[in-house]
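[1] sequence? don't have it. structure:
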C-alpha cells in the first residue's frame, strides 16, 4: 500500500478553480502534481456540496457530524464563507453566459 499524500488547501482550491474554468483533468493533474484523478473528483464533490471545511482536514482525519475546523475568529470564518459565495456567483455567471450562447444558436 502506498503512502498518503497531503495537499495544501491552496492547491486544492487552485485545482477546483482550474476545473471550473474548463481546464481538462489531465492538465490540472500534471500542473499541480496531483497523483490521482479520483482525489480531484472528491474535492469537486465537496465544493459542489458546500463542504469547504473538508478541504482543510488532514489525511485520514474526518470530522464527525459535519463539523468543520475551528476558526481563529469570526472574521476568518466570514472570509472563508465570503470566498465560497464569490465562487458560487462566478459559476452562475459562467452558466448564464453559456445559456445565452445556447439560445443564440
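    It's in. Just so you know, these numbers come straight off a predicted model, no measurement behind them.
[2] could you pick out the longest helix of the chain?
    Scanning the chain for the longest helix, with DSSP state H as the assignment, gives helix 74-104.
[3] and that one, what does it pack onto?
    Helices and strands touching helix 74-104, by 3 or more CB pairs under 8 Å, 6 or more residues apart in numbering; DSSP states H and E, are helix 9-20. Every C-beta, even on glycine, is put in place using the N, C-alpha and C of the backbone.
[4] may I see the buried residues of stretch 40-48?
    40, 43, 44, 46, 47 (16 or more other CB atoms under 10 Å).
[5] got these as CSV, with distance to residue 17 columns?
    Putting the buried residues of stretch 40-48 into CSV (distance: CB to CB, whole Å) gives the following:
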residue, distance to residue 17
40, 12
43, 11
44, 11
46, 14
47, 10
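[6] and the longest helix of the chain, how far out from the chain's middle?
    Remark: helix 74-104 is offset 13 Å from the chain centroid, using CA atoms, centre = their mean, to the nearest Å.
[7] stretch 45-64 too?
    Distance, centroid of stretch 45-64 to centroid of chain: 9 Å (CA atoms, centre = their mean).
[8] repeat for stretch 42-57
    6 Å.
[9] cool, stretch 29-36 as well?
    Taking mean C-alpha positions (CA atoms, centre = their mean), stretch 29-36 and its chain are 15 Å apart.
[10] run through who's touching it.
    5, 7, 11, 14, 15, 18, 28, 37, 40 (CB atoms under 8 Å, 6 or more residues apart in numbering).
[11] buried residues of it, list them for me.
    Neighbour-count burial for stretch 29-36 flags 29, 34 (criterion: 16+ other CB under 10 Å).
[12] same question for that stretch, mean pLDDT?
    Per-residue pLDDT over stretch 29-36 has a mean of 90.
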